[in-house]
Every structure is written in C-alpha cells, then in structure tokens.
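Participant: whatever this is, show me its structure:
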Amino acid sequence: MARDIEEVDASQPLPTTTSSNNPRVKAKPDPILNTCRCFSFVTVVASILCIIANVISAIRSFTNGLDIFDGIFRCYAVVIAVVVVVAETEWSFVIKFWKVLEYWAGRGMLQIFVAVMTRAYSDTIGERHEILLLQDIASYTLLACGFIYVVSGVLCLGFLKRARQNKEVSTQQAIKDLQDLERRRAELEALLVVDTP
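Facilitator: Take a look at the predicted model:
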C-alpha cells in the first residue's frame, strides 16, 4: 500500500513555481526617508549656491584688491560649505572623524554658520546686483535649512531617521534573501523534474 502511494506520487508531475505565479515582494517606500532625502537635496543645492557665491566674491576681492581679508574669509566659507555638502552624503568615513555631524543639531549649526559667512561683508557698492541676489538666495535658503535641522535635532528626528534607515536596509536584505531562496528552489525543482523517470 505504501508502494502504491509512492507510485502515485511519483507519477504525478511536481508543481513548478514561476515568477508569474509568485508576485515579487517589494519594499514599500518610507515617506519619512523620502522627505529626508528631498530635504537633504535642498540643503546640498543651497550649500553649492553658497560655494559659488563665495568663490565669485573671493575672486573679485583678490583681483580688484578691494579687501584681501574678505577674500580669505570667503575661502574659509567655501571650505566649510564643502564640509556641509560632504556631511549631507552621510559618508561613514566623514562621520567617523566628525561625530558632531552625525547629530542634526550640530549639522544645522554648521549650516547656519556657512549661511552667515556667505551673507557677511556684502558690499552693495562693490558687488554687482546678480552676486548680491545669489548671496541672498543661497544664504537665506541654507539658513532656513539650518534652523530646520536644529529644531529637528532637538526633537530627536535624526534618531528616527537612522532607525528607519536600519529597518529599510534589513528589509531590503530580507527581500534579497527571499528572492535568492525562490530562485534556488526553482532550480532544485527543475532538477527534480529532470531526474524523475
């Protein structure tokens, strides 16, 4: 009787799983992380505008010989604005050496500092109107981003973002592992069908 059951089971074809039968599992996008990415992009753009405004002002200060100290001040503003841009990438190498940039309040204070440096020493007589407009747009945008970062840091939203990022990474790894298991299962089932007489 056991032999009859085995023969019946062996005679029936094994069900094969295809990707059309099993819908692909996808991670849902996290709205908080998407908002943080958009805000980080705005901060990077504002920082790059500050870099451009400070480079133009430094070149004008050095070439015209108006104020060498203003040119040096602008060079420092460019270097610190580059640090702001690099901090927004959240590169682990940078965060390892500057722990204060891991915290949103510290990052916001740095952005406020760059915005103030960009807006400082604006000479309405020596500067062209376009450069002043660029300085205003860049500095006020980065100033607003800095204030938002400081307030968010005080409210501990940075910790929430890091927790969501860790969850997203683990979810993506679980989906990848599941897809690898499904692919391996399909390969093994194909081998079983070939080996079955």
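
Participant: where do the helices sit along this protein?
Facilitator: 2-11, 31-64, 68-88, 92-97, 104-119, 129-154, 157-195 (DSSP state H).

Participant: which parts of the fifth one are buried?
Facilitator: Along helix 104-119, the positions that meet the burial threshold by neighbour count (16 or more other C-beta atoms under 10 Å) are 104-108, 110-115, 117-119. C-beta here means a position set from N, CA and C on the backbone, and glycine is covered the same way.

Participant: show me which pair in the residues you listed is furthest apart.
Facilitator: Of all pairs drawn from those, the one with the longest distance (C-beta to C-beta) is Trp104 and Arg119, at 22.2 Å.

Participant: related to what we said a few turns ago, in JSON lines: the buried residues of helix 104-119, plus pLDDT and distance to Glu182.
Facilitator: Below are the buried residues of helix 104-119 laid out as JSON lines (pLDDT from 0 to 100; distance: C-beta to C-beta, whole Å):
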{"residue": "Trp104", "pLDDT": "84", "distance to Glu182": "39"}
{"residue": "Ala105", "pLDDT": "88", "distance to Glu182": "44"}
{"residue": "Gly106", "pLDDT": "88", "distance to Glu182": "44"}
{"residue": "Arg107", "pLDDT": "89", "distance to Glu182": "41"}
{"residue": "Gly108", "pLDDT": "90", "distance to Glu182": "45"}
{"residue": "Leu110", "pLDDT": "91", "distance to Glu182": "46"}
{"residue": "Gln111", "pLDDT": "91", "distance to Glu182": "45"}
{"residue": "Ile112", "pLDDT": "93", "distance to Glu182": "50"}
{"residue": "Phe113", "pLDDT": "93", "distance to Glu182": "51"}
{"residue": "Val114", "pLDDT": "92", "distance to Glu182": "49"}
{"residue": "Ala115", "pLDDT": "92", "distance to Glu182": "51"}
{"residue": "Met117", "pLDDT": "90", "distance to Glu182": "55"}
{"residue": "Thr118", "pLDDT": "88", "distance to Glu182": "53"}
{"residue": "Arg119", "pLDDT": "86", "distance to Glu182": "57"}
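
Participant: tell me the one of these nearest Val150?
Facilitator: Nearest to Val150 among the buried residues of helix 104-119, with distances taken as C-beta to C-beta, is Gly108, at 3.7 Å.

Participant: pull the helix or strand with minimum mean pLDDT from this protein.
Facilitator: helix 2-11 (a mean of 42; mean pLDDT, DSSP states H and E).

Participant: for Ile51, report the pLDDT, please.
Facilitator: pLDDT for Ile51: 93.

Participant: lovely, talk soon.
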